[in-house]
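Trainee: Would you be able to build a 3D model of this:
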Amino acid sequence: MEKNLGLYSTLASLGTSVLVVLLFYTLAMQKVRENMMYTTVDVYGGMVFVFILSMIVTASIWPGVIEKRMMKR
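Mentor: Numbers count the residues shown, from 1 in each chain. So this is what the prediction gives:
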């Protein structure tokens, strides 16, 4: 059970980060269409930045949440 904690937390972090990046992409592309000050390169760079930051944050949050859920079983 403990050996799967790393796998589950990695998958949860990756999934959460992908969802956050998709949300960022959707909102950023709307902004690019409205205002020509930003380009698609800015959006892609922002996506990388958001992915890295969200992986750092979710990698610190998910292991505790998953561990608590596994202990309840």
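Trainee: How much space separates the residue positioned nearest the centre of the chain from residue 55?
Mentor: In the chain, the C-alpha nearest the mean C-alpha coordinate belongs to residue 17, at 1.2 Å (C-alpha atoms, centre = their mean). Applying C-beta to C-beta, to the nearest Å, the value for residue 17 to residue 55 is 5 Å. Where you see a C-beta, it was placed from the backbone N, CA and C, and this is true even at glycine.
Trainee: Kindly report the same for residue 36.
Mentor: As judged by C-beta to C-beta, residue 36 and residue 55 stand 31 Å apart.
Trainee: who's more crowded, the two?
Mentor: More crowded of residue 36 and residue 55, by other C-beta atoms under 10 Å: residue 55, with 18 against 7.
Trainee: these two touch, right, that one and residue 18?
Mentor: No - the criterion here is C-beta atoms under 8 Å, and residue 55 misses it with residue 18 at 9.8 Å.
Trainee: who touches both of those two?
Mentor: When contacts are counted by C-beta atoms under 8 Å, 6 or more residues apart in numbering, the set common to residue 55 and residue 18 is empty.
Trainee: Let me know the pLDDT of the residue nearest to the centre of the chain.
Mentor: Note for residue 17: predicted pLDDT of 97.
Trainee: Assign it to one of the three secondary structure states.
Mentor: Following DSSP: H, G, I helix; E, B strand; the rest coil, we place residue 17 in the helix state.
Trainee: wait, doesn't it sit right on residue 48?
Mentor: No - contact criterion C-beta under 8 Å: residue 17 and residue 48 do not qualify, at 11.2 Å.
Trainee: thinking again about what came up before, please name the nearest non-neighbouring residue to the residue nearest to the centre of the chain.
Mentor: The shortest distance from residue 17 to any non-neighbouring residue, by C-beta to C-beta, 6 or more residues apart in numbering, is to residue 54 (4.2 Å).
Trainee: what helix or strand is that neighbour on?
Mentor: Remark: residue 54 resides in helix 40-72, with elements defined by DSSP states H and E.
Trainee: name the helices or strands packed onto that helix?
Mentor: On a contact count with 3 or more C-beta pairs under 8 Å, 6 or more residues apart in numbering; DSSP states H and E, helix 40-72 meets helix 3-34.
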